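Asks: Build me a model:
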Amino acid sequence: MQSLAPLPPTVIEPIIRRALDEDFGTAGDVTANLIIPEQENGTLYFKSRDTGFISGIQAAEMTYAMVDPSVKFEVKMGNGSRVKKGDVIAIINGSVRSMLMAERTALNFLGRMSGIATLTSQYVELIQHTNARIAATRKTTPGLRALEKRAVLAGGGYTHRQSLSDAIMIKDNHIAMSGGIEKALIHVMNNADHMVRVSVEVDTLAQLKKALPFAPHVVLLDNMKPDQLREAVAITEAFDGPRPTLEASGGVNLKTVKAIAESGIDIISIGALTHSAINFDIGLDA
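Replies: Have a look, this model is predicted:
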């Protein structure tokens, strides 16, 4: 898996603050405050209850730092680590009240992000015999994109646009509303900043042939079957001009991804990585 540098704290802190505000309500953890003596300290263990890949450690650690900086958070299995049932992911030590207060928010981040990392790793494993890459899309949970995209990386995948401003991506509605693929590409190529990459979505091989002369950096082949994808690769290879990166999207699942990758395309973008991942089971145990 990729070696991942931490996200800037300024990116993660607002996300965690909103999550804690949501969970604390107006009075904090009234249960722990009534049951646990204020000065009581202890040790708790984040343990995996399944097999997969870990992500969200940085968010979990920062959650405790924001609730109580005196709580010690010792990471045993970092982002991108493969774990099995029973493995200790992290150890926390300090105020029991504080540890219980932050428990659910930290587990929500760890479970959600590790679920995405684990699902991504399953796709990656199925196509490792090819040169294709698995990539995420913008179909992320509102407010959690930075963490969810990082979880895809932890699972061995790659990212896509982080936002609408990252790259030009001409999709079907742009084409329809601008009067056709050629008009859309002419306008973009004449006016785009030279530093911005250009991607265009095509639904048919005829559209692909129209797009190639404009030399887009990426052509997204939308909802094409493997035989159509193979033909698209052949058309692109035979074209006398710059070869764009070919990206397949639509209709991708764990049953179809292998055949899609074997068609010869470069990128497979999958919204399900972030919108349909199952939460990874992690517990906080004494």
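Asks: At which residues are the strands of the stretch 101-250 of the chain located?
Replies: Ranges of strands in the stretch 101-250 of the chain, per DSSP state E, counting those that start in this stretch, are 133-135, 168-170, 198-202, 218-222, 245-249.
Asks: Mean pLDDT added to these, as JSON lines?
Replies: Output for those, formatted as JSON lines (pLDDT from 0 to 100):
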{"stretch": "strand 133-135", "mean pLDDT": "98"}
{"stretch": "strand 168-170", "mean pLDDT": "97"}
{"stretch": "strand 198-202", "mean pLDDT": "98"}
{"stretch": "strand 218-222", "mean pLDDT": "98"}
{"stretch": "strand 245-249", "mean pLDDT": "98"}
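Asks: Between those, which one is closest to residue 68.
Replies: For those, proximity to residue 68 was assessed by C-beta to C-beta; strand 133-135 is nearest, at 37.9 Å. Where you see a C-beta, it was placed from the backbone N, CA and C, and this is true even at glycine.
Asks: Name the surrounding residues that touch that closest one.
Replies: Outside strand 133-135, the residues that touch it by C-beta atoms under 8 Å, 6 or more residues apart in numbering are 120, 123-124, 127, 152, 156-160, 247, 257, 266-270, 273.
Asks: Swap in 10 Å and give it another go.
Replies: Applying C-beta atoms under 10 Å, 6 or more residues apart in numbering, the contact partners of strand 133-135 are 120-127, 149, 152, 155-161, 245, 247, 249, 252, 257, 261, 265-270, 273.
Asks: Any figure for the gap between the closest residue to residue 156 other than its chain neighbours and residue 60?
Replies: Closest residue to residue 156 in three dimensions, ignoring its sequence neighbours and counting by C-beta to C-beta, 6 or more residues apart in numbering: residue 124, at 4.0 Å. Distance, residue 124 to residue 60, using C-beta to C-beta, to the nearest Å: 24 Å.
Asks: Who has more neighbours out of these two?
Replies: residue 60 (29 against 20; other C-beta atoms under 10 Å).
Asks: contacting residues for the more buried one?
Replies: Counting by C-beta under 10 Å, 6+ apart, residue 60 touches 16, 46, 54, 73, 75, 89-90, 92, 102-103, 105-111, 113, 282, 284.
Asks: which of those residues count as buried?
Replies: Buried members of the contacts of residue 60, scored by 16 or more other C-beta atoms under 10 Å, are 16, 46, 54, 73, 75, 89-90, 92, 102-103, 105-111, 113, 282, 284.
Asks: remind me which residues of the protein are low pLDDT?
Replies: Along the chain, the parts satisfying pLDDT under 70 run over 1-3.
Asks: which residues touch the closest residue to residue 139 other than its chain neighbours?
Replies: Excluding the flanking residues, the one nearest residue 139 by C-beta to C-beta, 6+ apart is residue 271, at 3.6 Å. For residue 271, the contact set (C-beta under 10 Å, 6+ apart) comprises 136-140, 160, 249-250, 252.
Asks: ok, now residue 59?
Replies: Applying C-beta under 10 Å, 6+ apart to residue 59 gives the contacts 7, 12-13, 15-16, 19, 79, 105-106, 108-110, 112-113, 144, 146-147, 150-151.
Asks: at 6 Å instead, please
Replies: 12, 109, 147 (C-beta atoms under 6 Å, 6 or more residues apart in numbering).
Asks: Also residue 189?
Replies: Residues in contact with residue 189 (C-beta under 6 Å, 6+ apart) are residue 214.
Asks: count of neighbours near residue 279?
Replies: Here the number of neighbours of residue 279 (other C-beta under 10 Å) works out to 16.
Asks: that older thread, now for the contacts of residue 271, which pair is the farthest apart?
Replies: 140 and 250 (17.5 Å).
Asks: re earlier: mind giving me the ChimeraX command for buried ones among the contacts of residue 271?
Replies: Selection of buried members from the contacts of residue 271 for ChimeraX, criterion 16+ other C-beta under 10 Å:
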select :136,137,138,139,140,160,249,252
